[in-house]
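>>> Following is a predicted model, sequence given first.
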Number of protein chains: 2
Amino acid sequence: MKWDTLEEEPCSLARTVAVIGDRWSLLILRECFLRKRRFEAFQSSLGITRHLLAERLKKLVRFGVLRRIPYQESPKRYEYILTQKGLDLYPIIMSIVHWGNIHMVDSRGRPMLHQHKNCGHMFDPVMVCSECGEPLSAKAVHVHPGPGARQTSPVHAMAADDPKAKAKTES
Amino acid sequence: MKWDTLEEEPCSLARTVAVIGDRWSLLILRECFLRKRRFEAFQSSLGITRHLLAERLKKLVRFGVLRRIPYQESPKRYEYILTQKGLDLYPIIMSIVHWGNIHMVDSRGRPMLHQHKNCGHMFDPVMVCSECGEPLSAKAVHVHPGPGARQTSPVHAMAADDPKAKAKTES
DNA sequence: GCTTTAAAGTTCTATTTTAGAACTGTCAAT
DNA sequence: ATTGACAGTTCTAAAATAGAACTTTAAAGC
């Protein structure tokens, strides 16, 4: 698969993976949510190569997740801050952290604890149904094709406008 | 960074990224949640190379996310099913899909819709506080070091038992 | 009996990505 | 005049991925 076409696939998971589904982007975003903003700060706390960091930051800016903003003139210096689109990644980050807390911690326990300012308590994130408020599980969800669904063919066969593509993948 | 040590870092996000943070794993897991179980089914619907698919399935089995189970004898054939640890990835998958639904869909609309069997409604996933039930946002959360937190040094400087490592990274 | 088909991989080379280190340009501070 | 901070860029070597062909076991069709 060509990864530069992943973002055009008729699948919201695939399109999001085009943005965050590589080895470094989620770690960079973790730093963003921990209020890091600058190139040197990212580089030194992650140990990412400068080359890759520059590339990933460009990609995140291109996708509108980060904004590159000058924080001083002469020499012109920039910092990277989360846009609203970037802030909206918070549930993804938190659900990843929570899964790690449950399934990947060692005997020392959790590296981080989270406190909800609204209620004051230490908490875990819980994913619930927007309609009834009950916690969600895979088995309680039924999936339907939406208006943007592909017709029949699998992802990788869609590119060419080959009239036989559909028949071929169904054989 | 060596990616085979990522899973030992004192960060639940990094440890989870060690499991799902590559280009294919999340797409494979999407298929798992859509009830796909077999090698050929994964391969043909994703277009992943057979080599990579075999590697990724091994990795997911090694991490306890999938279990490899024989479904027939002679010739012995196996299928891959989600463990409880794997099923617990559902909030991650759903939050990724939801972000894509909000920020990455084209004019045709969502590729998939989700119906909650419990209440019958089409829904979106919402992440709430386990203690007060309110929806979460990054700005309403305060982060504290937990019992498994690293002491002071950044990730990449922790490996060697070099007594100067700590001082060096603080300079 | 011989050939084809299916499933679940394995093996091979070519291409792309990433790692690791050094280098650049602009300015402020010493 | 030199050093250092910051935000990158440029290079080569190593690793990962793509793409295709090959393997094994056994059932099905002729």
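Great, that's in hand.
>>> Walking through chain A, point out its strands one by one.
Taking DSSP state E as the criterion, chain A contains strands spanning A:66-72, A:77-82, A:112-116, A:125-129, A:141-145.
>>> For those, could you give me JSON lines that also reports distance to B:Glu79 and mean neighbour count?
Glycine gets a C-beta too; all of them are placed from N, C-alpha and C. Written out in JSON lines, the entries for those read as follows (distance: least, C-beta to C-beta, whole Å; neighbours: other C-beta atoms under 10 Å in any protein chain shown):
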{"stretch": "strand A:66-72", "distance to B:Glu79": "41", "mean neighbour count": "13"}
{"stretch": "strand A:77-82", "distance to B:Glu79": "41", "mean neighbour count": "16"}
{"stretch": "strand A:112-116", "distance to B:Glu79": "37", "mean neighbour count": "19"}
{"stretch": "strand A:125-129", "distance to B:Glu79": "27", "mean neighbour count": "20"}
{"stretch": "strand A:141-145", "distance to B:Glu79": "20", "mean neighbour count": "14"}
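>>> Any chance of the ones you listed in CSV with distance to DNA strand D and mean pLDDT as columns?
Shown next, in CSV, are these (distance: least, C-beta to the nearest atom of the strand, whole Å; pLDDT from 0 to 100):
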stretch, distance to DNA strand D, mean pLDDT
strand A:66-72, 7, 96
strand A:77-82, 4, 97
strand A:112-116, 25, 98
strand A:125-129, 28, 98
strand A:141-145, 26, 97
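>>> Quick one: these as CSV, columns for distance to B:Leu87 too.
As requested, these are exported to CSV (distance: least, C-beta to C-beta, whole Å):
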stretch, distance to B:Leu87
strand A:66-72, 32
strand A:77-82, 30
strand A:112-116, 23
strand A:125-129, 13
strand A:141-145, 12
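>>> between these, which one is nearest to B:Pro135?
Shortest distance between B:Pro135 and the strands of chain A, using C-beta to C-beta, is found for strand A:125-129: 9.1 Å.
>>> Name the residues that touch the closest one?
By C-beta atoms under 8 Å, 6 or more residues apart in numbering or on different chains, the residues outside strand A:125-129 that reach it are A:91, A:94-95, A:98, A:114, A:134-136, B:90-91, B:94-95, B:116, B:118-119, B:121, B:123, B:125-130, B:136.
>>> These in helices, which ones?
Counting by DSSP state H, the part of those found in helices is A:Pro91, A:Met94, A:Ser95, A:His98, B:Tyr90, B:Pro91, B:Met94, B:Ser95.
>>> Give me the buried entries from the contacts of strand A:125-129.
Taking 16 or more other C-beta atoms under 10 Å in any protein chain shown as the criterion, what is buried in these is A:91, A:94-95, A:98, A:114, A:136, B:90-91, B:94-95, B:116, B:118, B:123, B:125-130, B:136.
>>> Leaving aside the residues adjacent along the chain, what's closest to A:Val19?
A:Phe63 (4.9 Å; C-beta to C-beta, 6 or more residues apart in numbering or on different chains).
>>> can you pull the pLDDT of the one you found?
Listed pLDDT for A:Phe63 reads 97.
>>> Which residue is the nearest non-sequential neighbour of the residue nearest the centre of chain A?
Against the mean C-alpha coordinate of chain A, by C-alpha atoms, centre = their mean, the closest residue is A:Ile20 at 4.0 Å. The spatial neighbour of A:Ile20 that comes closest, neighbours along the chain excluded (C-beta to C-beta, 6+ apart), is A:Leu26 at 5.6 Å.
>>> Also A:Arg77?
In space, and not counting its chain neighbours, A:Arg77 is closest to A:Tyr71: 5.8 Å by C-beta to C-beta, 6+ apart.
>>> A:Ala54 now?
Per C-beta to C-beta, 6+ apart, closest to A:Ala54 is A:Phe39, 7.7 Å.
>>> Check the gap between the one you found and chain B for me.
In this structure, A:Phe39 and chain B are separated by 15 Å, where distance is defined by C-beta to the nearest C-beta, to the nearest Å.
>>> picking that back up, which two in the ones in helices among the contacts of strand A:125-129 are spaced the farthest apart?
A:Met94 and B:Tyr90 (14.1 Å).
>>> Assess the claim that A:Leu53 and A:Gln43 are in contact.
Yes. Here A:Leu53 reaches A:Gln43: they are 5.4 Å apart, a contact under C-beta atoms under 8 Å.
>>> the more surrounded of the two?
Residue environment comparison for A:Leu53 versus A:Gln43 gives the larger neighbour count to A:Leu53, 18 against 15, counting by other C-beta atoms under 10 Å in any protein chain shown.
>>> What pLDDT does the model give the more buried one?
Per-residue confidence (pLDDT) for A:Leu53: 98.
>>> Then the one 3 residues further on?
The predicted local confidence for A:Arg56 comes out at a pLDDT of 98.
>>> so what's the closest residue to it other than its chain neighbours up against?
Nearest residue to A:Arg56 in three dimensions, chain neighbours excluded: A:Trp24, at 5.2 Å (C-beta to C-beta, 6+ apart). By C-beta under 8 Å, 6+ apart, A:Trp24 lies in contact with A:Leu46, A:Ile48, A:Leu52, A:Leu53, A:Arg56.
>>> Show the buried residues in these.
Buried subset of those (neighbour count, 16+ other C-beta under 10 Å): A:Leu46, A:Ile48, A:Leu53, A:Arg56.
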